[in-house]
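>>> Sequence and predicted structure are below.
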Amino acid sequence: MSKVVLHVTLSLDGFMAGPDISVEHPMGRGGLRLHDWILNTPADGVDSAVTREVSDSTGAVVLGRRTFDVGVGVWRDTPFPVPCLVLTHHALGPRTMRSGTFTFVTDGLRSALRQAKSAADGKDVALMGADTAQQAIGAGLVDEINLQIAPVLLGDGRRLFEHLGPERLELERTRVLASPHVTHLRFRVPRTPSADGTPPGP
C-alpha cells in the first residue's frame with residue numbers, strides 16, 4: 001500500500017528555503033546551500049545512497065502550484081520520473097514532459113492524494129512544497145517524514161513546521177544517518193483513528 005512521505009532538507013534554524021522565492025531563486029536567496037549534500041557528494045557515500053533510495057521508492061508526486069511554477073524551469077522535466085499531480089485553483093490540461101506528466105488537480109489535496117496513490121502502483125507518494133506539506137501534516141495525511149538537517153543557518157526564509165493546526169504530533173524516529181554534509185532523520189507519523197476506528201486517509 002502506498003505511503004505518503006515528505007522528503008525535505010532543513011537548515012539548522014528550521015528553514016526549507018531562503019527568503020524571496022521566485023523563478024530566479026527557486027530555493028530562495030541562499031537556499032540552494034541546503035542541497036549541497038545532493039549536488040556535491042561522492043557517488044558511493046551515505047548521501048548518495050539516501051538520494052537513490054528516495055528516487056527508487058517514489059511512485060508519484062503531489063506538489064503545489066507555486067512549487068511547480070518556480071521549479072519546472074530548473075527541472076525541465078518532472079522532479080521524479082513518475083506521474084506528478086499539481087494542486088491548483090485554475091484548471092489546466094496535462095503537461096507531458098520527458099519523464100512523466102504533470103496533471104493539474106483543482107478539487108483539493110485529498111483528491112490529489114487518491115489519484116497519486118492510484119498512479120504510484122504501491123510505491124510512495126512524495127510531497128513537495130511547504131503549503132502542500134503543511135496541509136497534509138495538519139490533516140493527518142502524512143505517513144513518514146524524511147528530514148535532512150543541513151549544517152547551515154539561513155536566518156530567514158520559508159519554514160516547514162508552521163500553520164499545522166492545534167493538534168500536537170508525537171513522531172516515532174525510525175532512522176538516523178549522518179555524513180559530513182547532512183544528518184538524515186526519518187520519522188513515522190502515527191495516524192489517529194477516526195471515531196469508527198479506521199485510520200484517516202485521502
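Nice, I can see it.
>>> my read: H181 touches P42, true?
No: here H181 does not reach P42: they are 10.1 Å apart, not a contact under CB atoms under 8 Å. No exception for glycine: its C-beta is placed from N, CA and C like everyone else's.
>>> What residues sit buried inside the helix or strand bottoming out on mean pLDDT in the chain?
Lowest by mean pLDDT, DSSP states H and E among the helices and strands of the chain is helix 36-39, with a mean of 90. Across helix 36-39, burial judged by 16 or more other CB atoms under 10 Å covers 36-38.
>>> Including distance to A120, could those go into CSV?
Putting those into CSV (distance: CB to CB, whole Å) gives the following:
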residue, distance to A120
D36, 29
W37, 26
I38, 22
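>>> Next secondary structure after the least confident helix or strand of the chain?
Sequence order places helix 46-57 as the next helix or strand after helix 36-39, per DSSP states H and E.
>>> which residues are contacting the helix or strand following that next one?
Using DSSP H and E, the next helix or strand after helix 46-57 towards the C-terminus is strand 58-64. Strand 58-64 is touched from outside by 2, 5, 71, 78-80, 82-87, 109, 112-113, 116-117, 119-132, 136, with contacts defined as CB atoms under 8 Å, 6 or more residues apart in numbering.
>>> Buried ones only from the residues you listed, please, as a PyMOL command.
A single PyMOL command selects the buried members of the contacts of strand 58-64 (16+ other CB under 10 Å):
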select buried, resi 2+5+71+78+79+80+82+83+84+85+86+87+109+112+113+116+117+119+120+123+124+125+126+127+128+129+130+131+132+136
